[in-house]
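In: No letters, just coordinates:
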């Protein structure tokens, strides 16, 4: 994962690899679940959310990072890429000893009867992924890189839409997003 660079079609002031991104998504997903449990009375497994987030882009070890505008350009490309991702995940799982596969299958693919909490947890992981992308855009803008302006606008719109449906996201944006990109002096 450390060899897969993200944002390949854009000039970054600081490159970001898939390992960094996955860790950030895991940290954010964990906090979103903690917020949900503490403030909204949910019973989400925050540690599971972190684990699902760590593996959420594992297929990119094989496929590389396909930029979002390409991946979601139209339904045909989106569906074809989902099939490619699934195939890559199957290949990764196939490289494991048979007795270990079920543990990671459960992380990559939720069970059919997983329930509402698992579905909600996975929505929070998806939101964490988008928040991570927004954070990258904000950091690039703060460093003077205007190339991310359009990506920031689309990420912000997506995250704001998620915040309207997921109160944990709204709380995270209000309380934590402003500190991203702040200097150590500003934080202290």
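Out: Thanks, I have it. A quick note: this is a predicted structure, and the numbers were derived from the prediction, not measured. Numbering: from 1, shown residues only.

In: other SSEs contacting the helix or strand harbouring residue 121?
Out: Take DSSP states H and E as the rule and residue 121 turns out to sit in helix 116-142. On a contact count with 3 or more C-beta pairs under 8 Å, 6 or more residues apart in numbering; DSSP states H and E, helix 116-142 meets helix 18-40, helix 46-55, helix 149-165, helix 167-175. Just so you know, the C-beta spots here come from the backbone N, C-alpha and C atoms, and that holds for glycine as well.

In: Of those helices, which is nearest residue 137?
Out: Checking the helices and strands packed on helix 116-142 against residue 137 by C-beta to C-beta gives helix 149-165 as the closest, at 3.6 Å.

In: Following the chain onward from the lowest-mean-pLDDT helix or strand in the chain, which element is next?
Out: Among the helices and strands of the chain, helix 68-71 carries the lowest confidence by mean pLDDT, DSSP states H and E, at a mean of 73. Per DSSP H and E, the first helix or strand lying C-terminal to helix 68-71 is helix 75-94.

In: neighbours around the nearest residue to residue 71 once chain neighbours are set aside, how many?
Out: Nearest residue to residue 71, sequence neighbours excluded (C-beta to C-beta, 6 or more residues apart in numbering): residue 81, at 5.3 Å. Number of residues near residue 81 (other C-beta atoms under 10 Å) recorded here: 17.
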